[in-house]
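**Student:** what's the 3D shape of this:
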Amino acid sequence: MDSSRLIFAVAYIVIDLIYVVSSNPVYDEVVKRIQGSSMRGLKGPMSYFAFVGAYTCMALGWYFFAAGTATLWAKTMHPLKAAFLSGLIFGLTVIGTFNFTVYLMFNEYSTSILMRDMLWGVGWATISTMAYIYLKDSIRF
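**Tutor:** Reported below is the predicted structural model:
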């Protein structure tokens, strides 16, 4: 197991969580329009299960697919280009699947929220993967 990749996977999740918590009022407004009440939040065992499940899936995806692919591709192309492409594809796939599915399902899910979340999610996946490739050899435990 690559310790620097694990550290970056945790950092990826922590910083994404900070974004989500700080954006809670914006998303809560959209959720109220869709379902007529606020977001569930972390209330009860099922919401903790969903929280842990979602972030575990994101961390595993970033660890194996974004960082793993970038590491592999860096053997045949410039490492930062490999990281950029890998992070971009990971972000588009994961964040795009979520956002476009929600946009398809709910009339009140606005295009501006879709774009905001896509910019954050794809941008953060790309930047964090590039940072990992750039710094991975200097972080060893």
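**Student:** what stretches of the protein score poorly on pLDDT?
**Tutor:** Along the chain, the parts satisfying pLDDT under 70 run over 42, 44-46, 139-141.
**Student:** Can you name every helix or strand that the longest helix anywhere in it contacts?
**Tutor:** Longest helix in the chain by number of residues (criterion: DSSP state H): helix 79-105. Other elements packing on helix 79-105 under the criterion 3 or more Cβ pairs under 8 Å, 6 or more residues apart in numbering; DSSP states H and E are helix 45-61, helix 68-73, helix 111-135. Glycine gets a C-beta too; all of them are placed from N, C-alpha and C.
**Student:** Just the angle for the longest one relative to helix 45-61, thanks.
**Tutor:** Looking back up the chat, that one is helix 111-135. What separates the directions of helix 111-135 and helix 45-61 is an angle of 50 degrees, with axes from the mean of the first three to the mean of the last three Cα atoms, to 10 degrees.
**Student:** buried ones in helix 111-135?
**Tutor:** Applying a neighbour-count criterion of 16 or more other Cβ atoms under 10 Å, one finds 113-114, 117-118, 120-122, 124-133 buried in helix 111-135.
**Student:** who's in contact with I127?
**Tutor:** G87 (Cβ atoms under 8 Å, 6 or more residues apart in numbering).
**Student:** Any figure for the gap between it and F90?
**Tutor:** In this view, I127 and F90 are 12 Å apart by Cβ to Cβ, to the nearest Å.
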